[in-house]
Structures are given as C-alpha cells and as structure tokens.
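[1] What would the 3D arrangement of this be:
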Amino acid sequence: MTTHATSTTWTPSRGNAAVLNSHATRTPLSDDAFVRAAQSSVDAVVHVKTATVVQAQSNPWLSMLGMDQGRMAQGSGSGVILDSQGWIVTNHHVIDGAQRIQITLSDGTTMEAEMIGSDPSTDLALLKTSPAADLPTLSFGNSDKVHVGEWVLAVGNPLNLTSTVTAGIVSAKGRNLRLMEPDARRDIYPVESFLQTDAAVNPGNSGGALVNLDGELIGINTAIASQTGSYAGYSFAIPSSIVSKVVDDLREYGRVQRAYLGIRVDQRDPGVRVAGVFLGSGASTAGLQPGDRIEIIDGIPVSSFPALQEQLSKHRPGARIAVQLRRDGKRLLKEVVLQGRAELEHPIALAKPRAVDEEGLPPNWGVRLEPADQATQTRLDFRGGLVVADIRPGDWADKGIRNGAVLLRADGQPLEYENDLTAALAKAREAGQRGVLLEGIQANGQQFYAGVPLP
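    Have a look, this model is predicted:
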C-alpha cells in the first residue's frame, strides 16, 4: 500500500469513519469549538487490532507432514462507530488478511469484531461487534460542503497512543495519489478523491475520523505523505460522501454496487473531457458525445476525474443524475441513467468501435487486436483485455506472443478497450521511453510479460 511520487512515499496511516447530515452554518471559531468537537468524537473512535498468520520460510519436512510453519503478525489501526449496535467502519488495508480482529473502546473495553465486507477499490471495510450496551457514535457530515481552509480534527490511535486528537485545516480536495493499482482480474477499479489536510496523522490513524468543528464525520483518515513513514506535513482522508455509500452497500449487499456513466475520460486533460461514449450506455442514450466537457454533476462542480469519480461513487446502478456539460461553447443539461459495469462490458463497445490494427499501431509490429469477448474473459478468469487476433513476424512474435493471447496491461495501465493501447504508447512517447512493458495471458492460461520497443 505504498507508492512513490517524486521521491515522496505515500504511506497508509492505518486510520476511519461514521451518518450524513448537511450543515449550512459553521460553529464560530473558538477554543470551545475545538473542545466540543473533540468531546463529541473521541469516544466514537476505536482502536482496531488485528492478528494475521504470515507464512515463514518453508520447511520441506514439515510441508510433507502438512505442518507448514507460520508466525502471527500483529497490526493496529483505528475505526469509527457508525451506530450504537456495533457497526464500525475502518480501512481495508487495516484488516486485510486478518484472522482475528479486536476493537478497544476509549474506556478500555475490548471485544471481538467480525468483518462484514471490504472494498479494496475505496480502501474501506465494515466491521460488526456485539456490545453489551449502546455505543457512542459519530454522525456523517457532508464532505461536499467542506471548504479549503476549514478547520478539522483528526481522531485516532497513532503509534498505539489511544484516543489522540490533532487539529489542522483542509488544504486541498479531490487529491488522487494513485495509492492503489487497477486490477481487472480482481475487480479492483480504484476510486481516489481524498481530502488533504495538515492535521498530524501517523501510522495507527488509518480508519480514524476526520471531523469538522460541528463534531461531524467528514472523512476517514487513510494515508500520509512522508519520506520516513511518519507524519511530514500532509495527510489524506476518504470523503464522507464516499464512505456513507460504501458502508450502506456493504451492510445491505456485502459488496459495493458501482454505477457508471458509460464514458471514457481523457485523464491527461486537466478537466473532465469525454474521450469516448459506450453504445447503449446511459451516457449514449442521454446524448453525450466525445469532446464534451462535464462541469457539474447534480449541482456539484467536478473539475477533475477524481472529482467525477467521487460524485458517481454516491450512486447505485439505475440512479438518475443531472449532468451539466459544455459543448462547442454552449452549456447543456442532460439526465443520465447510471449502469453497472457488467452492462457496459457485455456486447457494448465504444461509439464508432474498431479493432486496434496497424492504423493505430506501428506497422512493423505486425499485429491485429480485438476486445476480448465474454467467453474468453470467463475461460481465462479476467475482465477487459485485448485479444491478439492475428500476428505476423515482427517485434511481438519475437517476444513469444501468440495468436489468442490476451493483453491485460501496458506499462501497468489496464487494457480494457480498443484505444487504451494506443493511449499507452502515446504516453510512453511523451515520457521519452524506448518501449512499453506488456502483461497478459497466453491462450493456454499462462501469464507472460513482454517488453516491446517503440518504433
């Protein structure tokens, strides 16, 4: 759960959350406001402790007897009580792989917890415990109404220091840190639109609460920007608008119900420019077109792809949203019915579909690619992908790639649709690279990596 950006390490802070009320007025800034916010939130944040069996170096004699050795690894984070009956939200990375989960209240009471559901795409998980009496809770605030410069408190258990409160301001919204990598085979499509603050957060805070001065939960603390692994000035929280919807889905369905517009976005553009529209999708039916610039969703401005993801993550398939866009200098308002990913991935293609052939790829590569059909995806157990429909002597064949192979990624970027590979090539050229790394599956199911030079 770490990634590097300009020599800075983004480290999960082991930090969490809680029921959505909007607030039109702000409590006047005073020492009492901080005290009240801390008092209303500290008892609703719990210490989450996990135990995970980690396999030790294999001993062949014990393996023959079915007695592989392992050691018990201890983990620690935070969580937020959502209701008095023991529903608790935390980060996925806090409890990932845990065989045992234990929570400790601010008064020292300890109890076992069960994982109800987990969502790696948003790094959230829902726990349930069975308390003997009603527990203190936090109410959700509306993260859409949070302003840059607004005072906030971070509540959690950093470095095993229980019930710790720190203060800071919101320094940015809609941050995308690329903490998580897409993984179509595991159905992981990261949603990152963090609130950035300068409230001190350290390892152990993950899953803890970010609250406003009204004592409302506006985010779940998740990561820090650091070169050492400890707090170095900035921390990041998942907005409550995302947390609330994910928690409701995990509680009701056991998994997140994701909704999609049915478009592809050019992420190299600083705004939200539509690069493609899927035939038969809600966006296509509503009349969205490539080149449109989406500006507002349901009355909330979206100026970046993470901001668009944040607004879509509030909804389930079948929901209707109002999309305000700009086309040829004119503002248009469209109503779009959102769909699930399966509806987009079935026999639906981008508007003006075409196979990726020599027109989009270097002619000397001698390869023709087509989107993987549903039968191929099911047989090889993956989603998306481009199938090698025809290959002739050249760079690809020299790397051992054969007809029927499926390409899943280029330089780590998922290849789900026709123009993903050409986009990856363009990005590689812009970066001055001499080639791209392809990852895929041969027709026999064997995974492969192949470095293919750019022309």
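[2] Select the longest helix from this protein.
    When every helix of the chain is counted residue by residue (DSSP state H), the longest turns out to be helix 240-253.
[3] list the helices and strands that helix packs on?
    In terms of contact count using 3 or more C-beta pairs under 8 Å, 6 or more residues apart in numbering; DSSP states H and E, helix 240-253 is assigned the packing partners strand 20-21, strand 87-90, strand 110-119, strand 124-128, strand 140-141, strand 217-226, helix 305-312. All C-beta atoms are positioned from the backbone trio N, CA, C, and that covers glycine.
[4] Leu415 is nearest to which of those?
    helix 305-312 (18.4 Å; C-beta to C-beta).
[5] residues making contact with that closest one?
    Outside of helix 305-312, the residues that reach it under the criterion C-beta atoms under 8 Å, 6 or more residues apart in numbering are 173-176, 191-193, 239, 241-242, 259-261, 265, 267, 272, 294, 297-298, 300-302, 321, 338.
[6] give me the beta-bridge partners of Thr110?
    Under the criterion DSSP bridges, Thr110 forms beta bridges with Thr104.
[7] Hmm, it is touching Ile101, no?
    No - counting by C-beta atoms under 8 Å, Thr110 sits too far from Ile101 to count as a contact (11.5 Å).
[8] Of the two, which one has the most company?
    Looking at Thr110 and Ile101 with other C-beta atoms under 10 Å, you find the greater number of neighbours at Ile101, namely 24 against 11.
[9] which stretches of the stretch 1-150 of the chain form strands?
    Listed in chain order, the strands of the stretch 1-150 of the chain (DSSP state E, counting those that start in this stretch) span residues 3-5, 8-16, 20-21, 45-55, 70-83, 87-90, 100-104, 110-119, 124-128, 140-141.
[10] Could you tell me the least trusted of those strands?
    Comparing mean pLDDT across the strands of the stretch 1-150 of the chain, the lowest value falls on strand 3-5: a mean of 32.
[11] quick revisit: state the paired neighbours of whichever helix or strand comes after the longest helix of the chain in the sheet, together with their directions.
    The C-terminal neighbour of helix 240-253 among helices and strands, as given by DSSP states H and E, is strand 263-265. In the sheet, strand 263-265 lines up against strand 274-277 (antiparallel) (DSSP bridges).
[12] From the contact counts, what lies against the next helix or strand along the chain from the strand it pairs with?
    Of the helices and strands lying after strand 274-277 in sequence (DSSP H and E), the nearest is helix 282-286. Helix 282-286 makes packing contacts with strand 274-277, strand 330-337 when contacts are defined by 3+ C-beta pairs under 8 Å, 6+ apart.
[13] Please repeat the previous calculation with a cut-off of 10 Å.
    Applying 3 or more C-beta pairs under 10 Å, 6 or more residues apart in numbering; DSSP states H and E, one finds that helix 282-286 contacts strand 263-265, strand 274-277, strand 320-327, strand 330-337, helix 341-345.
[14] least reliable of the ones you listed going by mean pLDDT?
    The weakest mean pLDDT among those belongs to helix 341-345, with a mean of 66.
[15] related to what we said a few turns ago, joint contacts of Thr110 and Ile101?
    In the contact map built from C-beta atoms under 10 Å, 6 or more residues apart in numbering, the residues linked to both Thr110 and Ile101 are Lys49.
[16] ok so, going back, can you add distance to Val406 and give the strands of the stretch 1-150 of the chain back as a markdown table?
    Output for the strands of the stretch 1-150 of the chain, formatted as a markdown table (distance: least, C-beta to C-beta, whole Å):
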| stretch | distance to Val406 |
| --- | --- |
| strand 3-5 | 26 |
| strand 8-16 | 31 |
| strand 20-21 | 41 |
| strand 45-55 | 31 |
| strand 70-83 | 35 |
| strand 87-90 | 36 |
| strand 100-104 | 37 |
| strand 110-119 | 26 |
| strand 124-128 | 31 |
| strand 140-141 | 42 |
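[17] closest one to Gln446 among those?
    Go through the strands of the stretch 1-150 of the chain one by one with C-beta to C-beta and the one that ends up closest to Gln446 is strand 45-55, at 24.6 Å.
[18] rewinding a little: save the helices and strands packed on helix 282-286 as a markdown table, and put in distance to Gln447 and mean neighbour count too.
    Output for the helices and strands packed on helix 282-286, formatted as a markdown table (distance: least, C-beta to C-beta, whole Å; neighbours: other C-beta atoms under 10 Å):
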| stretch | distance to Gln447 | mean neighbour count |
| --- | --- | --- |
| strand 263-265 | 26 | 21 |
| strand 274-277 | 28 | 20 |
| strand 320-327 | 39 | 17 |
| strand 330-337 | 37 | 14 |
| helix 341-345 | 21 | 16 |
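[19] Thr50 is nearest to which of those?
    Ranking the helices and strands packed on helix 282-286 by proximity to Thr50 (C-beta to C-beta) places helix 341-345 first, at 30.3 Å.
[20] on that earlier part again, how about the strands of the stretch 1-150 of the chain, which one is nearest Leu333?
    If you check each of the strands of the stretch 1-150 of the chain against Leu333 by C-beta to C-beta, strand 20-21 wins as the nearest, at 25.4 Å.
[21] Deepest-packed of the helices and strands packed on helix 240-253, please.
    Ranked by mean neighbour count, those are led by strand 217-226 with a mean of 30 (mean count of other C-beta atoms under 10 Å).
[22] Let me know the angle separating it from strand 124-128.
    With axes from the mean of the first three to the mean of the last three C-alpha atoms, to 10 degrees as the basis, strand 217-226 and strand 124-128 are set at 130 degrees to each other.
[23] Just the angle for strand 217-226 relative to helix 240-253, thanks.
    Going by the same axes, to 10 degrees, strand 217-226 makes 110 degrees with helix 240-253.
[24] CA-only coordinates of strand 217-226, as CSV, when you get a sec.
    As requested, the backbone C-alpha atoms of strand 217-226 are provided in CSV (Å, rounded to 0.1, in the frame of the first residue of the first chain):
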residue,chain,number,x,y,z
LEU,A,217,-17.6,12.9,10.4
ILE,A,218,-16.4,14.3,7.1
GLY,A,219,-13.7,11.7,6.2
ILE,A,220,-11.8,8.6,7.1
ASN,A,221,-8.1,9.1,7.6
THR,A,222,-6.2,6.9,5.3
ALA,A,223,-2.7,8.0,4.2
ILE,A,224,0.2,10.4,4.8
ALA,A,225,2.8,12.0,2.6
SER,A,226,6.2,11.1,4.0
